[in-house]
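*Asks:* Just a sequence and a predicted model for now, questions to come.
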Amino acid sequence: MTTVVLFILLFVLLFLGMPIAMALGLSSLTVILLFQPDSIASLVLKFFQTMEQSTLLAIPFFILAGNFLTTGGVARRMINFAVASVGHLPGGLAIASVLACMFFAAVSGSSPATVVAIGSIVIAGMVKVGYTQSFATGVIVNAGTLGILIPPSIVMVVYAATTETSVGRLFMAGVVPGIALGVLLMVAIYIVARIKNLPRQPRASWSEQLLSLRDAIWGLLLIVIVMGGIYGGIFTPTEAAAVAAVYGFIAAVFIYGDLKLIDVPKVLTDSSRVTVMLMFIIANAFLFGHVLTTAQIPQDIARAIIDANLQPWQFLIIVNIILLIAGNFMEPSAIILIVAPIVFPTAVKLGIDPVHLGIIFVVNMEIGMVTPPVGLNLFVASGITGMTLVQVVAASWRWLLILLGFLVVVTYVPELSLMLPNAIFGKAVG
């Protein structure tokens, strides 16, 4: 009875247009007051205890770092370096755009931020040299999803906090899939370019490539600092996020000089606004998870699946279907906070590695970013191009098929995700 009331309330509130954070909190509070013995005082305590996880501190710092780098012109320099490196290939500017998305993903941790930072520059550039706006937009919308797969990733931090999985292992697990998906998109562009005879850029000389690398090096160096610091044991992922924020500030204001000190308060305000919104969702989602756990819902689901003798591969089909459907209607962090506590105990009992499950979640969230009606990348692309949402969806769906195929590979080839974390940290026990 508790479960039915909880989910009916949630979906009714969402259908009425209530923000996801409010819907999660109000449905949870209603069920607790009606069916559970918790007092209001204990609920307030539980609400604030959710913010005590040190892992979650990484989120505001990564958001701040991404905003400094987006505002500070780092994206433009990464694009110039990517064009100098691969622009001479058929479809070179589009291939360079994907490569630039991979670079920026490795410093931002956000998919919409990647679309904004790279797309606002390269889409117009591609149209100017002969690409259709539809082709250019479709490429960027899908390549921008790498922002949450290539570490550092805010979505991975949320999954780690929800399931108590190692952030370091998750970050390392995203490296190979992230590179593989980026290369897959670039190969697809190359094939289309050869068939349609798409334009290519003049080959850059070695001196031009070195010059573009020198110009972009301070942005690219952040990748080495963050990832090297984490895996070298110099600092934790949360500390790495703080280092990234400070480095982003120094690079944007003092090294490149693209961001003036007078503009820093605006960056801080924008970052705070996004952080508060995300943290409010997380707090309410943890309250929702508390209701689920108190009602023994995850445990009951785990027992039912085990009693049904489902194999791990069959269970993963169910998980993917749930996540793909949820991705059409909800923001990635909210999906993880709601679904992960339900499926995680069952996955562990079936012998599925928590890190592998985390990468499956993230790839599903990537797909959710480019599927209507609430795919964030679609709205961002619509805003920077002036295209309607329907036009952006039409431009993106062919590339979306690549992401769907990649999801199948990531789901059933766990070594793709686990080879690096197992090699560096050793195979997880238990």
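*Replies:* Now that the structure is in, tell me what you want to look at.

*Asks:* rest of the way, CA atoms for contacts and neighbours
*Replies:* Fine.

*Asks:* Which secondary structure state is assigned to residue 267?
*Replies:* helix (DSSP: H, G, I helix; E, B strand; the rest coil).

*Asks:* need the contact list for it.
*Replies:* Applying Cα atoms under 8 Å, 6 or more residues apart in numbering, we find residue 267 in contact with 64, 67-68, 71.

*Asks:* Model confidence at it, what's the number?
*Replies:* If you check residue 267, the pLDDT there is 90.

*Asks:* hmm, back to that, of all pairs in the contacts of residue 267, which one is the farthest apart?
*Replies:* Distance extremes for the contacts of residue 267: the farthest pair is 64 and 71 at 10.6 Å, using Cα to Cα.

*Asks:* Between the two, tell me which one has more neighbours.
*Replies:* Each of residue 64 and residue 71 has its neighbours counted (other Cα atoms under 10 Å); residue 64 has more, 27 against 17.

*Asks:* Name the helix or strand for the more buried one, please.
*Replies:* Assigning secondary structure by DSSP states H and E places residue 64 in helix 58-71.

*Asks:* Could you give the average pLDDT over that helix?
*Replies:* Mean predicted lDDT for helix 58-71 stands at 82.

*Asks:* How confident was the prediction at residue 39?
*Replies:* 63.

*Asks:* How about the one 5 residues further on?
*Replies:* Reading off the confidence values, residue 44 has pLDDT 68.

*Asks:* Then residue 13?
*Replies:* Residue 13 carries a pLDDT value of 85.

*Asks:* What separation is there between the residue nearest to it when sequence neighbours are not counted and residue 117?
*Replies:* On the basis of Cα to Cα, 6 or more residues apart in numbering, the spatially nearest residue to residue 13 that is not a chain neighbour turns out to be residue 23, at 5.6 Å. Distance of residue 23 to residue 117, computed by Cα to Cα, to the nearest Å: 31 Å.

*Asks:* what about the host helix or strand of residue 230, distance to the chain center?
*Replies:* Here residue 230, judged by DSSP H and E, is contained in helix 206-231. Mean-position distance between helix 206-231 and its chain equals 22 Å (Cα atoms, centre = their mean, to the nearest Å).

*Asks:* list the contacts for the nearest residue in space to residue 109 that is not next to it in sequence?
*Replies:* Nearest residue to residue 109 in three dimensions, chain neighbours excluded: residue 153, at 4.0 Å (Cα to Cα, 6+ apart). Applying Cα under 8 Å, 6+ apart, we find residue 153 in contact with 108-110, 147, 171.

*Asks:* And residue 153, how far from residue 346?
*Replies:* From residue 153 over to residue 346 the distance is 25 Å, taken as Cα to Cα.

*Asks:* next one: residue 123
*Replies:* Going from residue 123 to residue 346 by Cα to Cα gives 44 Å.

*Asks:* Who has more neighbours out of these two?
*Replies:* Regarding residue 123 and residue 346, a neighbour count based on other Cα under 10 Å identifies residue 123 as having more, with 26 against 22.

*Asks:* Now do the same contact list for that one.
*Replies:* 133, 136-137, 140, 385.

*Asks:* so residue 2 touches residue 32, yeah?
*Replies:* No. Using Cα atoms under 8 Å, residue 2 and residue 32 do not qualify as a contacting pair, with a distance of 9.0 Å.
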